[in-house]
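Colleague: Have a look at this prediction, sequence included:
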Number of protein chains: 2
Amino acid sequence: MATDRDSVLEAAVGVLSRRPTAHLDEIARAAGISRATLHRLFPGRDALIREVGLLGLQRFGAALDSAAVDEGDAHAALRRLVEALVPDASLCAFLTGESTLYDDEEINELWESQIARMHALFLRGQQQGTFRIELSAAWLSEAFFDLVAGIGWAIQDGRLAPRDAVFSLSELFLGGALRAPRPS
Amino acid sequence: MATDRDSVLEAAVGVLSRRPTAHLDEIARAAGISRATLHRLFPGRDALIREVGLLGLQRFGAALDSAAVDEGDAHAALRRLVEALVPDASLCAFLTGESTLYDDEEINELWESQIARMHALFLRGQQQGTFRIELSAAWLSEAFFDLVAGIGWAIQDGRLAPRDAVFSLSELFLGGALRAPRPS
DNA sequence: TAATTCTGAGACATCCACGTCTCATTCGGA
DNA sequence: TCCGAATGAGACGTGGATGTCTCAGAATTA
């Protein structure tokens, strides 16, 4: 069953985003399977983490796609991106915390290309007069992703209600990023 | 020499904030000492990481003190806090990345108490009408610290100029946190 | 200079997570 | 019911980082 692999990856995210050094025992338990089965699904720890990373980057890219970040008003695009990204916030938290991921060439390239899309969004928004130009597009991209990851951690630890996530993130970030005094 | 321990801790932060799983060899090399001397200064890896964590929390507390976060206007207090905290941004990055730290009771209590001080600052700011009340004080605290950590990572990786750190952080965050349309 | 202390380099031993294996059990289909 | 596949539990070996040790050389002090 291919679905099983995915559900295991989901469970792995839940554990690894909070504790990147978690043992395989713990991940297996979280997935509701034995360590043996975990090894049957994934050759080893490195492979598992790599696949989780690829899943995260794929979801990230899918969110960028579904939000159509390179179309229309940058402000609206960013709000769409928040909506699309929040459900995978813990995955983004994983991408931030698991630093060893970026030793891998393919992962690195994927990451760079997704970040470039975000960078382009902010750059376009600045050219449109939507986003502030005193803050570099690079910093806006970085800060945005940091906040998404923070959302993921906060939700997982029960410090933030999932329902509040989209509002909290978009209001705080856009308040600082938008050039206009305050969005409606 | 007591100073040596501190300089080793500083070097350890530089390595561990970026790669929490770095080997002791690497940390020793970064500190310019041998692994043997590292072991003479710190009983083991756990002890080293614990001391780095304590250093970070102490610096965090010192920043809260020097910024006098519980005095006067909350807006001004937060700006002072940013100034005081940015030099130790990588230490804050370490505190967010090294999750195993919080297995320790003492570390956990220290962390909670410092966060409580930040929480109080935001709560006071909300009561003063300085900060937005649509965003919970807890989320503001969390998001602020996430951004500080992000600043630390960005500076260490050379993606952000240290000179721009205070401005980038305070402008972005305050823009989203302040109730007033935009600070001067 | 001589003595003491500190340091670095390296050689071990140890420990723990990981990877592999076996085997009994369970689940699902014929 | 029977058979095959999949799973879980556990044992076992392995690798690599860690922790401890020794010893020679450097640094510091008298």
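Modeller: Sure thing, it's come through.
Colleague: Could you check how many residues crowd around the residue of chain A found nearest DNA strand C?
Modeller: Residue of chain A nearest DNA strand C, by Cβ to the nearest atom of the strand: A:G44 (2.7 Å). In this view, the C-beta of every residue, glycine as well, is placed from N, C-alpha and C. Close neighbours of A:G44, defined as other Cβ atoms under 10 Å in any protein chain shown, add up to 11.
Colleague: Let me know the pLDDT of it.
Modeller: Note on A:G44: pLDDT of 96.
Colleague: try the one 5 residues further on
Modeller: Looking at A:I49, its pLDDT is 98.
Colleague: Quick check, it in contact with A:L16.
Modeller: Yes. Taking Cβ atoms under 8 Å as the contact criterion, A:I49 and A:L16 are neighbours in contact, 7.1 Å apart.
Colleague: which neighbours do those two share?
Modeller: A:E98 (Cβ atoms under 8 Å, 6 or more residues apart in numbering or on different chains).
Colleague: how close does the residue of chain A closest to DNA strand C get to A:D103?
Modeller: If you measure A:G44 against A:D103 using Cβ to Cβ, to the nearest Å, the figure is 15 Å.
Colleague: most distant residue from the middle of chain A?
Modeller: A:A36 (29.4 Å; Cα atoms, centre = their mean).
Colleague: That one: what secondary structure?
Modeller: Of the three states, A:A36 takes helix under DSSP: H, G, I helix; E, B strand; the rest coil.
Colleague: in the top helix by length along chain A, what counts as buried?
Modeller: Ranked by residue count, the top helix of chain A under DSSP state H comes out as helix A:105-128. Of all the residues in helix A:105-128, those buried under the rule 16 or more other Cβ atoms under 10 Å in any protein chain shown are A:107, A:110-111, A:114, A:117-119, A:121-126.
Colleague: show me where chain A has helices.
Modeller: Counting by DSSP H, the segments of chain A that form helices are A:2-16, A:24-31, A:35-41, A:45-66, A:74-85, A:89-97, A:105-128, A:137-156, A:162-177.
Colleague: Give me the more crowded residue out of A:I49 and A:L16.
Modeller: Higher neighbour count among A:I49 and A:L16: A:L16, with 25 against 21, using other Cβ under 10 Å.
Colleague: OK, contacts around the nearest residue to A:G150 once chain neighbours are set aside?
Modeller: Once flanking residues are discounted, A:G150 sits nearest to B:D146: 3.6 Å by Cβ to Cβ, 6 or more residues apart in numbering or on different chains. Contact criterion Cβ under 8 Å, 6+ apart gives A:146-147, A:149-150, B:96 as the residues in contact with B:D146.
Colleague: would you turn those residues into CSV with distance to A:A76 and pLDDT?
Modeller: As requested, the contacts of B:D146 are arranged in CSV below (distance: Cβ to Cβ, whole Å; pLDDT from 0 to 100):
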residue, distance to A:A76, pLDDT
A:D146, 22, 98
A:L147, 19, 98
A:A149, 23, 98
A:G150, 23, 98
B:T96, 31, 97
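Colleague: In contact with the residue nearest the centre of chain A, which residues?
Modeller: For chain A, the residue nearest the mean C-alpha position is A:C92 (2.5 Å; Cα atoms, centre = their mean). Taking Cβ under 8 Å, 6+ apart as the criterion, A:C92 is in contact with A:56, A:60, A:85, A:145, A:148-149, A:152.
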